[in-house]
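K.L.:
Test case, fold it:
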Amino acid sequence: MVTLSFADVKRRVAEATDKIFDELVELRRDFHRHPELAYEEVRTSHIVAEYLEGLGCDVQRHVAKTGVVAHLRGDLADATSKVVALRADLDALPMPEETSHTFRSTVPGRMHACGHDAHTAMLLGTAKVLATLRQYLAGTVKFIFQPSEEKIPGGAKPMLDEGIFDVQKPSAVFGQHCIPQVPVGKIGFYAGAMMAAADELYITVRGRGGHGSAPHRTNDPITAAVQIVTSLQTIASRNVPPTAPFVISITAIHGGSATNIIPNEVQLMGTLRTMDESVRELAHARLKDIVHFTGKAMGVEADIEIRKGYPVLVNDKTMTAFAFEAAKEYLGEDRAIEAEPIMGAEDFAYFLQVCPGTFWQLGVGNAQRGIVHNIHSTLFDLDEEALRVGTGFMSFLSLKYLAT
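P.N.:
Numbering: from 1, shown residues only. Sure thing, here's the model as predicted:
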């Protein structure tokens, strides 16, 4: 049996990560050049599967259409050894890229603006580091490359529904996300509810159109739509407890075609973000009442469709504490930090509902280099030094978890 002190593990992980850093950069840039949308990640998943098979992993393709799951069994594993699951997401966004990089997107209207190219490259890098150090691995690592994080209903739940945790069930699951508000070189952790539940809102207001000079002969859906938008904000100010995080944003209004025509119909879209299921249920009820009764008061018909999205992402306190301490050990005391909860949503939440684990914020920002734009921006960028940090830490954490 080969054993090492964790100081030796740290050194060997760092050395192995440094050796493949240029490869990580090239992998990330290749994925960045060829972004693929939700459930269209055919090229990406093929590259992932081929890479993992080359490392000697047991690979399963076409999980939830375009997902990949692989297992790496350590040389120190036995029948009682633990399994740890690590996850990356594959899909890009339907938006143009406006950076000036030589490796910018080659697909019009498609961009890796949320860092999934980096997530995928880092998890491949983690697989390579752990394969290199297989003789020190005291368990099995389950690598999850998930499709469709960006589009409800997501890819995590379909993968779970297909039974990826039924065989070689993990006792912990870990994941990470690029965050430009956190400086590169640092990782942020938060125990408890860290990311919001997200629901999509679709409102249709139907009235009776007519000439803009004679609104009294119409039932104006635009006026009603504006009143609905304003009234929805009273849910936050008058229904939800002041201490509860809560956001309603109406992000699109479509209606009308000319300056002198009142249309028959207006359509609105928006998002609801909550951090508590009871608040979420309350908001759903109030949304329906406000839309319906405001429309009725304004003499129009108003309907709302609420497409329930991802649940609240809740990090396990024990696993978060374990990962936090491991980050201090691997990166240094000053580079593992307390993160702040955010109102973004993540379907990694589904994995955390069935397995204890934690999801951390990987710093990718660098103000001196102008890397400050938020995720989902056409100018989003990341400091690629984060690839070294994320790969090394995830590798170290896996080795440490399976050994303890």
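K.L.:
Quick check: which helices or strands does the helix or strand where residue 70 lies pack against?
P.N.:
Using DSSP states H and E, residue 70 falls within strand 67-73. On a contact count with 3 or more C-beta pairs under 8 Å, 6 or more residues apart in numbering; DSSP states H and E, strand 67-73 meets helix 42-54, strand 58-63, helix 116-132, strand 140-146. The C-beta positions use only the backbone N, C-alpha and C, and glycine is treated the same way.
K.L.:
So what touches the shortest one?
P.N.:
For strand 58-63, contacts defined as C-beta atoms under 8 Å, 6 or more residues apart in numbering pick out 45, 49, 52-53, 68-73, 159, 162, 164.
K.L.:
which among these gets closest to residue 30?
P.N.:
In terms of C-beta to C-beta, no member of the contacts of strand 58-63 lies closer to residue 30 than residue 45, at 13.6 Å.
K.L.:
Can you add distance to residue 219 and pLDDT and give the contacts of strand 58-63 back as JSON lines?
P.N.:
Shown next, in JSON lines, are the contacts of strand 58-63 (distance: C-beta to C-beta, whole Å; pLDDT from 0 to 100):
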{"residue": "45", "distance to residue 219": "51", "pLDDT": "98"}
{"residue": "49", "distance to residue 219": "57", "pLDDT": "98"}
{"residue": "52", "distance to residue 219": "60", "pLDDT": "98"}
{"residue": "53", "distance to residue 219": "63", "pLDDT": "98"}
{"residue": "68", "distance to residue 219": "53", "pLDDT": "98"}
{"residue": "69", "distance to residue 219": "54", "pLDDT": "98"}
{"residue": "70", "distance to residue 219": "59", "pLDDT": "98"}
{"residue": "71", "distance to residue 219": "61", "pLDDT": "98"}
{"residue": "72", "distance to residue 219": "64", "pLDDT": "98"}
{"residue": "73", "distance to residue 219": "67", "pLDDT": "98"}
{"residue": "159", "distance to residue 219": "47", "pLDDT": "98"}
{"residue": "162", "distance to residue 219": "49", "pLDDT": "98"}
{"residue": "164", "distance to residue 219": "52", "pLDDT": "98"}
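K.L.:
Could you export those to CSV, including columns for distance to residue 101?
P.N.:
What follows is the contacts of strand 58-63, written out as CSV (distance: C-beta to C-beta, whole Å):
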residue, distance to residue 101
45, 24
49, 27
52, 27
53, 30
68, 26
69, 31
70, 30
71, 35
72, 32
73, 38
159, 31
162, 36
164, 34
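K.L.:
circling back to that earlier point, rebuild the helices and strands packed on strand 67-73 as TSV, extending it with distance to residue 177 and mean neighbour count.
P.N.:
Converted to TSV, the helices and strands packed on strand 67-73 look like this (distance: least, C-beta to C-beta, whole Å; neighbours: other C-beta atoms under 10 Å):
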stretch	distance to residue 177	mean neighbour count
helix 42-54	18	18
strand 58-63	21	16
helix 116-132	7	26
strand 140-146	13	26
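K.L.:
Tell me which of those lies nearest to residue 247.
P.N.:
Short answer: helix 116-132, nearest of the helices and strands packed on strand 67-73 by C-beta to C-beta, at 23.4 Å.
K.L.:
quick one on the thing from earlier: per-residue confidence averaged over whichever helix or strand comes after the strand holding residue 70?
P.N.:
Sequence-wise, the next helix or strand downstream of strand 67-73 (DSSP H and E) is strand 83-89. Across strand 83-89, pLDDT averages out at 98.
K.L.:
Which pLDDT value does the model give residue 4?
P.N.:
67.
K.L.:
The strand holding residue 70 pairs with which strands?
P.N.:
As defined by DSSP bridges, the strand partners of strand 67-73 come to strand 58-63 (antiparallel), strand 140-146 (antiparallel).
K.L.:
Quick one: closest of these to residue 8.
P.N.:
strand 140-146 (19.3 Å).
K.L.:
elements contacting the next helix or strand after the closest one?
P.N.:
Downstream of strand 140-146, the next assigned helix or strand under DSSP H and E is helix 156-161. Other elements packing on helix 156-161 under the criterion 3+ C-beta pairs under 8 Å, 6+ apart are strand 140-146, helix 348-354.
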